[in-house]
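Structure here, sequence nowhere to be found:
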């Protein structure tokens, strides 16, 4: 650890020397993080928290099949493909690590708030299904890695916003992609620029036969965004969409099965044809307007009807859900008065309700026996207040907080009868404070300290009571997970004149997160407990440098130690054990070599050791993957054409990409999800302007 500390100290001194050079000819402007623009404030260097921006140019040469293809170069983010299709394991500084097991966890993410074009796709209970994330139609990914529930509410261990392409000029684009294991994707985009705004329509069809048994994926999506000025400075954004996503779940293997036949499915999952079939519609309205001088108002309203079907845990389930919500943010700022105050008031509220019909499962299909008729409803919301003051130039101080509430409703009806037989209600609330300081040095780097926090209510399937609790359908013993984050960071951008390096973007973050009531899965996720206390501390480093005119180098590294401080269950006293599912070290390094007309992009992905269980007996080996891709583009009249091809896992490394946390304790343990072997892809794109 001492040697590691010396390395980090050297790195910081190195960055400091770079920041003192005076031959800068420009400030490299990073743009604004839209998802944080109102609540966290403006440009990246003005944000007192860890923020990453991934532009389309950062992942243009990637496969773009799932999030693990495009998000490996954001520090603190761990994304691992679960079966090679669209289902991924996603954590931010360890948040979300528990959400992988046997109980309703496939295809959903925990602990992190995800948005598409600023509208949440995270449900009120904190689960996120990424059906509406379309990487072929995404221009920018905005990531807030700081635990920021104090600003954004439930399940905000991190914030990730996927922004659809902006329309700068009218265009039409068609994309075709083909690859290993029956992969093919087609995508079209049509953008229209008009006098008062713009509109874009996108559509994607995806097919993946899968490399394991029972792991295929078929997805169809259509989506539109219209932006228009309805007054001089008032903008209305309208989004609409529909997605159909069917994916099969191969399930976990034992270590013996992984070593001998990793392409097999778990036999139980295979027999049940374990799968999810999601059909979701979406409509959203966003109005942004200055009410008067120095006043800004932002209002969002959205609605998502859902029809979901699942074959899981021996039953066939039909879901009908209705997810709707709204939120507003009011901002007042006054640069002409002392301390240049900025005041932010916000409120958001979301609600989801609907029925679940449980049928018997017959040969993997819905049987003719209705076993349970159940209603599940959940609501979450909260108020946020924030005041920012600038007592002197280049120095700001912010403080505020957020009050959150979470409500769950469960009703169970006898099959075929309307009379209510069992109703249960569970309510939770929490106040989270916020404080930060930021100092900007020279206009091109900043240093900050943030005291923030998080609150995460358990997801609906996690509040199911253990068997020993009778006559209740919601677990009254499970508490919301709360956390407090201390973070110190330094970030900057430098441009150089008459140097081999033309510009450099860098960031370093140190953090400690104290967690109370950590939500822990037990028995393969069949039940959930609250661990008393745990602590995480870590360091994140990100560097992106451009050398001369033809080489770009990107490097990210994350060190994270996560341990239980106070936790005891029927297995014994687990205090001092590592929290499962969280590696201590991971990182990536990549080059872009511009040898016109080709761009070559080799990259290394490293994930270190971690444990799959609370006892720290099931250790997952580290792995390193080498990916390589290349691309070329050319123009013919008004058409720009491009071709991209690549090979992932070039050396065909056999590795464990994901695990089921705390598997059922009977030999042999089934907990391993094998990683995708060597695979190739090729993509063609044609854009007409």
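Done, it's in. None of these values were measured; they are calculated from a predicted model. Numbers count the residues shown, from 1 in each chain.

For residue 666, give me phi and psi.
phi -140, psi 140 (degrees, to the nearest 10).

Then the one 5 residues further on?
Main-chain torsions, residue 671, degrees, to the nearest 10: phi -150, psi 0.

same deal with residue 270?
Dihedral angles for residue 270 - degrees, to the nearest 10 - are phi -70, psi -40.

ok, it - how many residues close by?
18 (other C-beta atoms under 10 Å). In short, each C-beta sits where N, CA and C put it, glycine included.

how about it, what does it touch?
Residue 270 makes contact with 213, 214, 250, 251, 264, according to C-beta atoms under 8 Å, 6 or more residues apart in numbering.

Between those, which sits nearest residue 364?
Looking at the contacts of residue 270 and their distance to residue 364, the nearest is residue 214, at 9.6 Å (C-beta to C-beta).

how many neighbours does that closest one have?
A total of 22 residues lie near residue 214 under the criterion other C-beta under 10 Å.

Could you pull up the residues touching the nearest residue to residue 354 once chain neighbours are set aside?
Counting by C-beta to C-beta, 6 or more residues apart in numbering, residue 321 is the residue found nearest to residue 354 once chain neighbours are left out, at 3.6 Å. Contact partners of residue 321, counting by C-beta under 8 Å, 6+ apart, are 305, 306, 308, 352, 353, 354.

Farthest-apart pair in these, please.
Once C-beta to C-beta is applied, those give 308 and 353 as the farthest pair, at 13.6 Å.

hang on, the earlier thing: possible to save the contacts of residue 270 as TSV with pLDDT?
Shown next, in TSV, are the contacts of residue 270 (pLDDT from 0 to 100):
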residue	pLDDT
213	96
214	96
250	94
251	92
264	96
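
Of those - the most surrounded one?
Going by other C-beta under 10 Å, residue 250 tops these with 27 neighbours.

which SS class is that residue?
Following DSSP: H, G, I helix; E, B strand; the rest coil, residue 250 is assigned to coil.

Please look at it and residue 84 and confirm they touch.
No - Residue 250 is beyond contact range of residue 84, at 9.4 Å (criterion: C-beta atoms under 8 Å).

Give me the common contacts of the two.
The contact lists of residue 250 and residue 84 share 210, 212, 215, where a contact means C-beta under 8 Å, 6+ apart.

so which of those would you say is closest to residue 618?
Among the shared contacts of residue 250 and residue 84, residue 212 lies closest to residue 618 (C-beta to C-beta), at 20.6 Å.

Quick check: phi and psi at the residue nearest to the closest one when sequence neighbours are not counted.
Nearest residue to residue 212, sequence neighbours excluded (C-beta to C-beta, 6+ apart): residue 250, at 4.3 Å. According to degrees, to the nearest 10, the main-chain angles of residue 250 amount to phi -80, psi -20.

For residue 250, which residues are in contact?
Applying C-beta under 8 Å, 6+ apart, the residues near residue 250 are 83, 210, 212-215, 264-266, 269-270, 274, 673.

Nearest to residue 292 among these?
residue 83 (53.4 Å).

neighbours around that closest one, how many?
29.

That one contacts residue 673, doesn't it?
Yes - here residue 83 lies in contact with residue 673, judged by C-beta under 8 Å, at a distance of 6.7 Å.

mean confidence for the helix or strand residue 361 falls within?
Here residue 361, judged by DSSP states H and E, is contained in strand 342-362. Averaged across strand 342-362, pLDDT comes to 93.

tell me what it is packed against?
Judged by 3 or more C-beta pairs under 8 Å, 6 or more residues apart in numbering; DSSP states H and E, the packing partners of strand 342-362 are strand 315-333, strand 365-392.

Mind listing what's buried along the shortest one?
For strand 315-333, the buried set under the neighbour-count rule, 16 or more other C-beta atoms under 10 Å, comprises 315-317, 319, 321, 323-331.

Just the strands from the stretch 451-600 of the chain, written as ranges.
Using DSSP state E, counting those that start in this stretch, the strands of the stretch 451-600 of the chain run over 481-495, 501-522, 527-547, 551-566, 568-569, 572-573, 585-595, 598-607.

Redo those as a markdown table? Include mean pLDDT.
What follows is the strands of the stretch 451-600 of the chain, written out as a markdown table (pLDDT from 0 to 100):
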| stretch | mean pLDDT |
| --- | --- |
| strand 481-495 | 91 |
| strand 501-522 | 88 |
| strand 527-547 | 88 |
| strand 551-566 | 95 |
| strand 568-569 | 83 |
| strand 572-573 | 90 |
| strand 585-595 | 95 |
| strand 598-607 | 96 |
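
May I ask you to confirm that residue 344 is in contact with residue 383?
No - Residue 344 lies out of contact with residue 383 (C-beta under 8 Å); the separation is 11.2 Å.

And these two? Which one has more around it.
A count of neighbours by other C-beta under 10 Å puts residue 344 above the other of residue 344 and residue 383, at 22 against 16.

Run a quick neighbour tally on the closest residue to that one other than its chain neighbours.
Distances taken as C-beta to C-beta, 6+ apart put residue 386 closest to residue 344, at 4.3 Å, once the chain neighbours are dropped. For residue 386, the count of nearby residues is 24 (other C-beta under 10 Å).

Go ahead and confirm residue 386 touches residue 397.
No - if you go by C-beta under 8 Å, residue 386 and residue 397 don't touch, sitting 11.3 Å apart.

if we can go back for a sec, quick one: which of the contacts of residue 250 is nearest to residue 432?
Nearest member of the contacts of residue 250 to residue 432, counting by C-beta to C-beta, is residue 673, at 33.8 Å.

which element is the closest one on?
Assigned by DSSP H and E, residue 673 falls in strand 672-674.

before we move on, what about residue 85?
Using DSSP H and E, no helix or strand contains residue 85.

just checking, it touches residue 211?
No - with contacts counted by C-beta under 8 Å, residue 85 stays clear of residue 211, the gap being 9.2 Å.

neighbour-wise, which of these two wins?
residue 85 (30 against 22).

so what's the nearest residue to that one once chain neighbours are set aside bridging to?
The spatially closest residue to residue 85, leaving aside those adjacent along the chain, is residue 217, at 3.6 Å (C-beta to C-beta, 6+ apart). Judged by DSSP bridges, the bridge partners of residue 217 are residue 208, residue 247.

Check the one 10 residues further on too.
Beta-bridge pairing of residue 227, defined through DSSP bridges, involves residue 198, residue 237.

That one is in contact with residue 237, isn't it?
Yes - counting by C-beta under 8 Å, residue 227 touches residue 237, with 5.0 Å between them.

doesn't residue 406 make contact with residue 379?
Yes - with contact defined as C-beta under 8 Å, residue 379 reaches residue 406; the gap is 7.4 Å.

and those two? which has more neighbours close in?
Taking other C-beta under 10 Å, residue 379 and residue 406 do not tie; residue 406 has more neighbours (24 against 18).

ok so, going back, can you list which of the shared contacts of residue 250 and residue 84 are found in helices?
Nothing among the shared contacts of residue 250 and residue 84 maps onto helices, per DSSP state H.

Would you mind checking which helix or strand in the chain has the lowest mean pLDDT?
Taking mean pLDDT, DSSP states H and E as the measure, the helix or strand of the chain with the lowest value is helix 2-19, at a mean of 40.

which residues does the residue nearest to residue 45 when sequence neighbours are not counted form a beta bridge with?
Residue nearest to residue 45 in three dimensions, not counting chain neighbours: residue 446, with 4.9 Å by C-beta to C-beta, 6+ apart. For residue 446, the beta-bridge partners are residue 440, residue 491 (DSSP bridges).

which ones are touching residue 446?
So residue 446 contacts 45, 46, 438, 439, 440, 490, 491, 492 (C-beta under 8 Å, 6+ apart).
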